[in-house]
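Engineer: need a 3D model of the sequence below.
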Amino acid sequence: GSFRAPPREMAGDMCIECEDQEASLYCTTCNETFCGPCFQSQHSSGRRRSHETRALLGEMLPQPAGTTMGDAAAAAAEGAGEGGAAAAPTQDTASMEQDGTEQTDAMPPTDPTAQTPVTQAQMDTEFTTGSEEQKPMASAAADAAAAADADAAAAPANGNGSGSAAAAESTPDSPDSAELFGPEPPPGWRNPHLDPASPPTTTTSTTPTTTTTTSSASAADATNGHGTTAEHSRAPPPSRYYRENPKFIPMRLTEDERVLFHVLEGALSVSEYTDNVDVYRYYREDLMSENWETMLHYVIGIMTSSDLKEGSRLLVDESKLKDNEEFFQRAFEVGRRYKIMNPDKMRNNYGKLMYMLQDGTRKLLGFQIRKSILTVETFLAERGGEKLLLDVELPHAIQLVEDGDRESIKAVAARKKAAIETLCARYSSEQLSVDDISRTISSLSDSLSYQAAASHPVTRMKELLTSVFTPHSPTSDRDLSIRYEAGSKLCHGHSTQFTYVLQTLTLWELITQKMFGLWWHADLDLNNDYYRLCNTGQGMQRVQQCPHVSKIMHSILADVQRKCGSWVGLSVVHLGDRDVPNALIFIDKYTQVPRILTPIVQVVDALDRMAQEPSTSAFIKLHGGAERLKVLILRDFFRHGFDGSGDDGGSCIDGRLTSAWNWCSKLEKKPYYNVFLMAGFQGFDGSFKS
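Structural biologist: Numbers count the residues shown, from 1 in each chain. The predicted structure follows:
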């Protein structure tokens with residue numbers, strides 16, 4: 001029953017969870033080894049938070065005295081030594097699909113005579129270092145990890161089993177989606193985007209114990225100043241894609257701001273800041289200061305060539321750059337705002353911009369270069385126009401004009417124009433001009449258009465999965481089962497793989513719908529001057545904690561797990577480690593989702609048309625017909641695009657995207673590659689031009 005330290009050779013073992021990072025910790029209760037991020041994720045809540053943890057070589061990790069968790073752990077150990085009831089041993093359960101059996105290995109009980117353990121609360125401090133103002137990030141990251149549901153702690157170690165996500169609903173630390181993204185549409189609300197002529201007059205909210213009904217007569221008593229009901233004035237989403245809170249949606253650039261953006265982009269294009277600074281040097285601050293000064297002079301010079309009057313004003317006393325603080329703040333804020341609204345732009349310069357802002361502290365520059373991004377909510381709040389967001393005409397004003405016959409498109413466009421005119425007449429004032437209102441509506445329309453474009457391929461791929469394949473009893477040509485072969489790191493039967501793909505697509509769909517919230521929180525994390533410069537195996541990277549993105553991602557993951565009911569694979573979200581060094585790498589990974597899925601969806605949907613066209617029908621028949629090609633392409637993607645393959649792949653949240661990229665890189669070797677070319681396929685990466 002006494003504790004025996006792990007043997008020395010265990011120091012080279014890999015983490016039992018992600019299986020791609022060297023383990024640094026040993027949990028004596030679980031009897032497993034973990035890397036730092038996986039331990040934080042798996043031991044962030046419930047009983048696992050008090051598990052005893054030791055370094056791999058057996059020495060005791062230092063424990064800060066007087067901490068709440070430390071005192072609780074010491075009291076628990078003392079109570080166990082006096083004969084108190086010990087916590088029930090945990091179990092790791094792996095579902096073995098090959099033979100249909102379930103194997104359960106009980107973990108050994110905790111040794112009450114061992115020294116005081118180091119628990120998750122101490123690990124938060126152990127893994128976070130830096131300046132005093134950055135140390136609260138550790139507890140923020142722990143709170144973010146606690147947002148994941150309890151199924152994350154019980155996920156099978158090999159990533160092939162499935163566990164229950166029901167515990168997520170009872171997790172007290174789980175952040176509410178309404179808190180992060182605003183309220184969901186009220187129950188019973190009918191989409192005016194689909195049925196604008198008949199807005200809802202009855203709202204019914206049903207729970208397991210109560211039912212509340214609001215009739216149109218009673219609702220008429222609760223109206224705002226414009227004759228609209230309070231229930232409907234909460235601006236329900238105009239379509240299934242609209243999920244963002246306006247405080248995350250950036251304002252569209254004005255004409256003057258567009259000039260400023262082109263000036264900034266020109267300066268970034270010629271700057272070599274990251275090439276000169278992100279290297280191992282003892283005098284990096286001198287390099288930062290020199291390159292920052294050069295960059296600001298670039299901006300002033302290009303601005304002078306673009307607008308002589310404005311440039312002359314900036315050049316009055318160029319030696320004191322801090323006198324132009326407001327101008328520089330506007331320029332760098334405009335660049336960040338433009339990128340969020342146009343993720344396909346600035347693909348070469350955005351990282352340089354954010355890394356410069358990380359280093360551009362007041363101490364280095366002598367003035368404040370960072371400024372909050374201007375959003376729809378803050379823009380209206382500054383001008384007293386917040387009520388515009390609650391008006392029932394707003395969904396009509398930002399409605400997407402989708403495909404249809406000529407008459408329906410004209411009707412939607414006319415209704416949209418009338419709604420915009422109504423809002424401009426209703427809310428225009430001395431502080432909020434008609435142009436301001438039109439710009440606000442255009443900003444909301446831009447966000448809706450992007451969400452629709454980004455979410456459509458994911459939603460369509462889910463439809464193809466559920467319509468072409470069945471969860472159970474597949475035919476031989478529609479079997480999605482995978483084995484440990486051809487680079488696959490997973491071993492799933494058909495039903496497990498079907499569920500695994502479906503829940504992954506559901507996760508990607510929700511992420512694309514909430515992308516503006518993710519951009520906002522990524523910007524908060526990146527505007528932080530604490531990071532470690534190290535070689536992650538993918539070159540020199542800035543490794544940085546991401547507490548804001550971590551919180552929002554665990555909220556999204558918990559929502560998906562509640563919807564799916566069960567979870568296949570790992571639920572570890574890599575952030576601030578070798579796989580995903582910082583929030584910039586994270587946000588760049590998930591903007592790739594539409595780029596990956598859109599070409600596949602377009603080719604699959606074009607097959608029926610190609611089978612009918614004289615120029616391509618013979619070619620399609622040569623491959624067995626449109627239906628056979630459709631099944632062949634989708635089956636191959638759903639199997640080998642979700643098999644955990646690729647460098648740093650696996651069944652974790654980020655490994656799912658890695659394996660999809662790995663499939664894309666091998667498309668040229670597929671037997672149906674010529675079909676992609678015939679359908680107009682050009683690539684997955686898109687353009688890197690501005």
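
Engineer: what about the longest helix in the chain?
Structural biologist: Counting residues, the longest helix in the chain under DSSP state H turns out to be helix 434-468.

Engineer: that helix: what's the following helix or strand?
Structural biologist: Counting by DSSP states H and E, the next helix or strand C-terminal to helix 434-468 is helix 494-513.

Engineer: pull out the buried positions in the helix or strand just after that following helix.
Structural biologist: Helices and strands here follow DSSP H and E; after helix 494-513, the next one along the chain is helix 515-526. Using 16 or more other CB atoms under 10 Å as the test for burial, helix 515-526 gives 515-526. (Glycine included, C-beta is placed from N, CA and C.)

Engineer: could you do stretch 357-370 as well?
Structural biologist: 357-360, 365, 367, 369-370.

Engineer: quick one: mean pLDDT for that stretch?
Structural biologist: Mean pLDDT, stretch 357-370: 90.

Engineer: end-to-end on that stretch?
Structural biologist: 7 Å (CA to CA, to the nearest Å).

Engineer: show me the contact partners of it.
Structural biologist: The contact list for stretch 357-370 (CB atoms under 8 Å, 6 or more residues apart in numbering) reads 277, 285, 288-289, 292, 321-322, 325, 328-329, 332, 526-529, 531, 542.

Engineer: would you agree Tyr280 falls within a strand?
Structural biologist: No - Tyr280 is assigned coil when assessed by DSSP: H, G, I helix; E, B strand; the rest coil, not a strand.

Engineer: residues in contact with the closest residue to it other than its chain neighbours?
Structural biologist: Counting by CB to CB, 6 or more residues apart in numbering, Tyr280 lies nearest to Leu533, which is 7.4 Å off, once chain neighbours are set aside. Taking CB under 8 Å, 6+ apart, we find Leu533 in contact with 278, 280, 540-543.

Engineer: swap in Glu509?
Structural biologist: Here Glu509 is in contact with 455, 458-459, 462 (CB under 8 Å, 6+ apart).

Engineer: could you measure from it over to Glu326?
Structural biologist: Distance of Glu509 to Glu326, computed by CB to CB, to the nearest Å: 41 Å.

Engineer: kindly report the same for Asp479.
Structural biologist: Taken as CB to CB, the span from Asp479 to Glu326 is 63 Å.

Engineer: who has more neighbours out of these two?
Structural biologist: A direct count of neighbours by other CB atoms under 10 Å for Asp479 and Glu326 places Asp479 higher, at 15 against 11.

Engineer: how near is the residue lying closest to that one once chain neighbours are set aside to Gly565?
Structural biologist: Nearest residue to Asp479, sequence neighbours excluded (CB to CB, 6+ apart): His494, at 5.3 Å. According to CB to CB, His494 stands 18 Å off from Gly565.

Engineer: related to what we said a few turns ago, can you name the two of the contacts of Leu533 that are farthest apart?
Structural biologist: Tyr280 and Val543 (14.0 Å; CB to CB).

Engineer: look at the two and report which has more neighbours.
Structural biologist: Val543 (16 against 9).

Engineer: identify the bridge partners of that one.
Structural biologist: Taking DSSP bridges, one finds Arg532 as the beta-bridge partners of Val543.

Engineer: my guess is it contacts Asp577. True?
Structural biologist: Yes - at 7.2 Å, Val543 and Asp577 qualify as touching, with contact defined as CB atoms under 8 Å.

Engineer: which of the contacts of Leu533 sits closest to Asn348?
Structural biologist: Closest to Asn348, out of all of those and judged by CB to CB, is Asp278, at 15.3 Å.

Engineer: tell me how many other residues surround the residue lying closest to that closest one once chain neighbours are set aside.
Structural biologist: In this structure, Asp278 finds its nearest non-sequential neighbour in Met540, 5.2 Å apart by CB to CB, 6+ apart. Applying other CB under 10 Å, we find 13 residues neighbouring Met540.

Engineer: contact partners for Met540?
Structural biologist: Contacts for Met540 (CB under 8 Å, 6+ apart) come out as 278-279, 533-534.

Engineer: same question for Val299.
Structural biologist: Taking CB under 8 Å, 6+ apart, we find Val299 in contact with 263-264, 267, 328, 331.

Engineer: mind putting these into JSON lines with secondary structure, pLDDT and distance to Leu584?
Structural biologist: Below are the contacts of Val299 laid out as JSON lines (DSSP: H, G, I helix; E, B strand; the rest coil; pLDDT from 0 to 100; distance: CB to CB, whole Å):
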{"residue": "Val263", "secondary structure": "helix", "pLDDT": "94", "distance to Leu584": "23"}
{"residue": "Leu264", "secondary structure": "helix", "pLDDT": "95", "distance to Leu584": "17"}
{"residue": "Ala267", "secondary structure": "helix", "pLDDT": "94", "distance to Leu584": "19"}
{"residue": "Phe328", "secondary structure": "helix", "pLDDT": "93", "distance to Leu584": "21"}
{"residue": "Ala331", "secondary structure": "helix", "pLDDT": "94", "distance to Leu584": "20"}
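
Engineer: out of those, who has the most neighbours?
Structural biologist: The most crowded member of the contacts of Val299, judged by other CB under 10 Å, is Leu264 (27 neighbours).
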